[in-house]
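Enquirer: Let me see the structure of the following:
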Amino acid sequence: MTDVQTKTDAEISPEEPRRSGAASTRRVVLLGAGAAGATAVLAACGTSSTSTNSNGSDFSDNPGPAGSAAPGGGNDSGSGSNGGSGGATLAAVGDVPEGGGIIQGDYVITQPTAGQFKAFSKVCTHAGCDVNKIDGGQIACPCHNSKFSIDTGEPTSGPATKALPETKVKVDGDNIVAA
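Expert: Sure, this is the predicted structure:
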């Protein structure tokens, strides 16, 4: 660096120009780099109502209530209704194991005890990732390892602090339907 002083003020002759306030000293450069790094970190930690999760799909930190849209997925080529007295068909009764559950469309459908069915949003309440596994009475999110109860949707471990939103369901014939 050419503008770093190697002489003290006493050693500078009156003929040499003084460089007071030189802006590119090592300290200023390091402070600027540190500020840029801190800005990048804070921007990454900022909150937003919408973003993209790790699997590339959009999510919202304030999703609509579970069950507000027809479920996606499955092989049903119809409208998602069963034509009976209930709402949209979410899953077949025989597909949901007792003490476990399945992920179908936008929902996690569980059977905590024989004949008792529950449906929760599959979107984790921590960071908006989709849960991907039901094991040992727990619904698991792969992003930050949050786990939720198959009975209540309440978090049992991990960074999530809010329960998965529940959609009321009932059995209609051989199907689990939105109530």
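Enquirer: which sections of the protein are below the confidence cut-off?
Expert: Applying pLDDT under 70 to the chain picks out residues 1-24, 37-38, 40-86.
Enquirer: ok, which stretches of the protein are strands?
Expert: Ranges of strands in the chain, per DSSP state E, are 50-52, 58-60, 89-92, 100-104, 107-113, 116-121, 133-135, 138-140, 147-149, 155-157, 166-167, 169-172, 175-178.
Enquirer: okay, now the closest residue to Thr152 other than its chain neighbours: neighbour count?
Expert: Nearest residue to Thr152 in three dimensions, chain neighbours excluded: Ala163, at 6.5 Å (C-beta to C-beta, 6 or more residues apart in numbering). Using the backbone N, CA and C atoms, a C-beta is placed for each residue, glycine as well. Residues lying near Ala163 (other C-beta atoms under 10 Å) number 15.
Enquirer: check contacts around Ala163.
Expert: By C-beta atoms under 8 Å, 6 or more residues apart in numbering, the contact list for Ala163 reads Phe120, Thr125, Phe148, Thr152, Gly153, Glu154, Pro155.
Enquirer: which of the residues you listed sit farthest apart?
Expert: Within those, Thr125 and Thr152 form the most distant pair, 12.9 Å apart (C-beta to C-beta).
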